[in-house]
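Trainee: Sequence and predicted structure, then a few things I'm wondering about:
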Amino acid sequence: MRQIFALGLCFSLYLIALASNYSISGKIVGEDGTPLPRASVLLEGTKRATLSDFDGNFEFQQLASGSYRLKTSYVGYEPSIIGIDLSRNDVKNITIKLRKNYLMLDQIVVTATRTERTSQEIAVPTIVLTEKEIRENGAKDVAEAISDRLGVDLRGGRTGGQSAEILGADPKYALVLVDGEPLVGKFDDRSELGSLSLDRVERIEIVKGPGSSLYGSEAMSGVINIITKRPQKPLELSTEVKGGEYELGEISQTISSHHDDWSILLNGSSMHQGRTPMRDYLTMIGKDRADFGGKILFHPENSLWSGEIDGGFTNNREISKDASIRYETRVLRYDYRPSVSFRYRPWAEVKFKSRFSQYDRLYDVFVRKSGYHDMSQSNDSRERLLSAELDYNRQFSADYTASFGLSLAQSDFDAARVAWGAVKKNIVWSVFAQSEKKWSDQFRTELGLRFDHNQGFQNFEDNYTQSIAKFLTGYFVKSKGNFLSPKIAAMYSPNDWLKFRGSVGRGFRAPSWIELYLTFPHPAVGYEAYGNPNLKPETSTGYNFGSEILINRRLLWTVNAFYNDFRDQIEDTTVRVGILSYTNIGRSYTRGFESNWKWYQSRYMTTSAGYQYLEAYNLSAHSYLPHPRHTGNVRLDFHSADDGIGLALRGRVFQRYDQRYDLTYGLYTFELSKLTPKPILDVTLTLNGNSINSRLKGIRFILGGTNLLDYTNEYYGPFTGRRSFISLSYNYAQ
């Protein structure tokens, strides 16, 4: 009897194994047969999902017998759903053709959730600048590329660098990432975007609102993620030469190759910008930048693991002057990021990332008439970062995905003004989790939580973290250097033309090296400045609520209201006469709303427009902060049927506080009664050579002009007057 039972059990297991050994394989292509890499493929009703490889191929194995619905989607194409029958045989080598969707509503984004999602699936406001948009606006760096986006305003520094304000908050509250990793190195506690090249940039994502639940310190007002290119074709060569007014000259060269088991991309560029009026009293004499970078990817065919080594080097030099002083700044930046991924199940992946970055800044001040080198004002600094991170991403079902991470980072800072040249060290370890749940076709949520332990704090007690710990465990915990950042976001879509989004999150910014350990004796002007090691982090709570309406699949209208409350802001304070330091006394808020319209008149023409109202108020000083209160923009895009000719027309109108720098008192003066609109108009014409002759395939010619209305103002920059540029590029691809 036992033998019969064992035989029956073995036979049953054999049948089950046979029934679970079916497979589906195929290829995803466009209407013209071009393979579509990294297309999303989902077996509806299961937790099985995958992405197509660089050649458009995909495969599912170990599937049970039955009927399935295979859903395929790709950015810029209409999704496809087909039925699959696995009751008898495998389904192999099927070809799925996707039709182009000229509405371009869906774009792949990663910053908002740390995972690849389409822009229609996320619940937080996100701006995506595509490579095409970046190329057509003639920008020479990241700062110029994002300058015309609603909710983003550039702030110029005394030495010429430019940083970005998001939703009216100080640039030090905006976190800048490169491929999801924080940019190392700041000046005056702010990331300078004017020194970052665009040659390797594939797209730029801007997420508005606190992002500390995912990325930690500094993500209080928003996150800017600069995403670099990846090899796509067996062989691709591209060269671009650009020239323009104000002695603008730039040349770049990129070579990339993709194969079954490995890929490589190398890039180098050089840029020179001559004399340029900037803002208030400051004039740029010259700017030079050399940038080299690349990445090597290992993705063995039919293997569970993949690896990547990404690195780069930038040498940036700027010279500027005011009435009496010449400023020279040189920045050297090194960044190397090896990583390894292991997908041990179709729905589960482990990724290990490591990083070494170094940022050297040499800053010199000279008196123009005498040539005197002011050593008390000059400063050299070096910042290093060594970090490692372990991520685990799992798709528990087609409707539920979660990711978890653990990171450890050690940073060193060495500067003459910090602790008399001593090297300061800090270690930060973090644990974070992100959960994405689709409760129904209409409702989905995103939950995020991050815990950071910062050894750099000496006397920091976070009452919020203590309260959460007591709620979870029943006990208060000693929270020296600990910080907790939660976030919740939700999206409700009652039908396919209406969406509602909302999010609430907490952000924080750890005090900088300078704020903690600055030593700056300056007896020549009668004061001394010192850091405060007892500072605690600045915090923010951000709220975003909005809606999206698609009318007749032609007009897309989005509205978003926001409110950010900033507390414990670090401000200058007078300890006693002649002695300055920092303390947590500031509090402010930014609030407002923005509305965007995008009208798809046809597959050849699109019109976009937007308006933002913003208030930024300092509750500590009981005064409004000098930020644009009214901002509007409009964009018209046209391209021919064969994409041979493209025309982009961009306009901006904004109001800002009239301000002037008083050289006598060293302060800005603001005149609230003089709010006059400032119009900016840009145009770009793109011509592809194959529209003229097939022999010119791969050649692209761009002619453009910025600020065509020639708006200039010596006090309210940074506007350089009318500027034209011309670009000629060649691309060869197999």
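Mentor: That came in fine, so what should we check first? Numbering: from 1, shown residues only.
Trainee: from here on, contacts and neighbour counts on C-alpha atoms
Mentor: Noted.
Trainee: now do the same end-to-end measure for stretch 27-40.
Mentor: From its first residue to its last, stretch 27-40 covers 12 Å (C-alpha to C-alpha, to the nearest Å).
Trainee: So which residues make contact with it?
Mentor: With C-alpha atoms under 8 Å, 6 or more residues apart in numbering as the test, stretch 27-40 has contacts from 49-58, 72-75, 93-100, 232.
Trainee: Okay, and which of these map to helices?
Mentor: The helices, defined by DSSP state H, take in nothing from those.
Trainee: From those residues, which land in strands?
Mentor: If you go by DSSP state E, those have 49-51, 57-58, 72-73, 93-98 in strands.
Trainee: Which of the residues you listed are buried? Put it as a PyMOL command.
Mentor: Buried members of the ones in strands among the contacts of stretch 27-40, identified by 16 or more other C-alpha atoms under 10 Å, are gathered into one PyMOL selection as follows:
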select buried, resi 49+50+51+57+58+72+73+96+97+98
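Trainee: Could you export the ones in strands among the contacts of stretch 27-40 as JSON lines, including pLDDT and distance to residue 378?
Mentor: Formatted as JSON lines, those follow (pLDDT from 0 to 100; distance: C-alpha to C-alpha, whole Å):
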{"residue": "49", "pLDDT": "76", "distance to residue 378": "56"}
{"residue": "50", "pLDDT": "80", "distance to residue 378": "54"}
{"residue": "51", "pLDDT": "79", "distance to residue 378": "52"}
{"residue": "57", "pLDDT": "87", "distance to residue 378": "57"}
{"residue": "58", "pLDDT": "86", "distance to residue 378": "58"}
{"residue": "72", "pLDDT": "85", "distance to residue 378": "58"}
{"residue": "73", "pLDDT": "79", "distance to residue 378": "55"}
{"residue": "93", "pLDDT": "81", "distance to residue 378": "66"}
{"residue": "94", "pLDDT": "86", "distance to residue 378": "66"}
{"residue": "95", "pLDDT": "88", "distance to residue 378": "64"}
{"residue": "96", "pLDDT": "88", "distance to residue 378": "62"}
{"residue": "97", "pLDDT": "88", "distance to residue 378": "61"}
{"residue": "98", "pLDDT": "86", "distance to residue 378": "59"}
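Trainee: Looking at the ones in strands among the contacts of stretch 27-40, which one is closest to residue 189?
Mentor: Distance to residue 189 across the ones in strands among the contacts of stretch 27-40 (C-alpha to C-alpha) is lowest for residue 51, with 39.7 Å.
Trainee: unless I'm mixing things up, the closest one is touching residue 41, no?
Mentor: Yes - counting by C-alpha atoms under 8 Å, residue 51 does reach residue 41; the two are 5.9 Å apart.
Trainee: what is in contact with these two at once?
Mentor: Taking C-alpha under 8 Å, 6+ apart as the contact criterion, the residues that touch both residue 51 and residue 41 are residue 58.
Trainee: so which of the ones in strands among the contacts of stretch 27-40 comes closest to residue 611?
Mentor: If you rank the ones in strands among the contacts of stretch 27-40 by distance to residue 611 using C-alpha to C-alpha, residue 73 comes first, at 31.8 Å.
Trainee: which phi and psi does the closest residue to the closest one other than its chain neighbours have?
Mentor: Across the structure, with C-alpha to C-alpha, 6 or more residues apart in numbering as the measure, the residue nearest residue 73 apart from its sequence neighbours is residue 79 (4.4 Å). Here is the backbone geometry of residue 79 (degrees, to the nearest 10): phi -70, psi 160.
Trainee: how many other residues sit next to residue 79?
Mentor: Burial of residue 79, expressed as a neighbour count using other C-alpha atoms under 10 Å, amounts to 17.
Trainee: what sits against it?
Mentor: With contacts taken as C-alpha under 8 Å, 6+ apart, residue 79 has the following neighbours: 71-73, 98.
Trainee: Next one: it, what pLDDT does it get?
Mentor: In this prediction, residue 79 carries a pLDDT score of 79.
Trainee: Return the distance of it relative to residue 109.
Mentor: Residue 79 sits 17 Å away from residue 109 when distances are taken as C-alpha to C-alpha.
Trainee: before we move on, what about residue 173?
Mentor: Counting by C-alpha to C-alpha - residue 173 and residue 109 are separated by 22 Å.
Trainee: One more: residue 613?
Mentor: Shown here: residue 613 relative to residue 109, a distance of 26 Å by C-alpha to C-alpha.
Trainee: Just the endpoints, please. Distance across stretch 630-650?
Mentor: Terminal residues of stretch 630-650 are spaced 17 Å apart (C-alpha to C-alpha).
Trainee: distance between that stretch and the chain's centre?
Mentor: In terms of C-alpha atoms, centre = their mean, to the nearest Å, the gap separating the centre of stretch 630-650 from the centre of its chain is 23 Å.
Trainee: and if you look at stretch 386-393?
Mentor: With C-alpha atoms, centre = their mean as the basis, the distance from the averaged C-alpha position of stretch 386-393 to the chain average is 19 Å.
Trainee: Identify each buried residue in it, please.
Mentor: For stretch 386-393, using 16+ other C-alpha under 10 Å, the buried residues are 386-393.
Trainee: who's in contact with the residue nearest to residue 217 when sequence neighbours are not counted?
Mentor: When the adjacent residues along the chain are set aside, residue 217 lies closest to residue 509, with 4.5 Å between them (C-alpha to C-alpha, 6+ apart). Counting by C-alpha under 8 Å, 6+ apart, residue 509 touches 173, 216-220, 537-539.
Trainee: returning to that earlier point: farthest-apart pair in the buried residues of stretch 386-393, please.
Mentor: Between any two of the buried residues of stretch 386-393 (C-alpha to C-alpha), the greatest distance is 23.3 Å, for 386 and 393.
Trainee: What about the contacts of residue 509, which one has the most neighbours?
Mentor: For these, neighbours were counted by other C-alpha under 10 Å; the highest total belongs to residue 220, with 33 neighbours.
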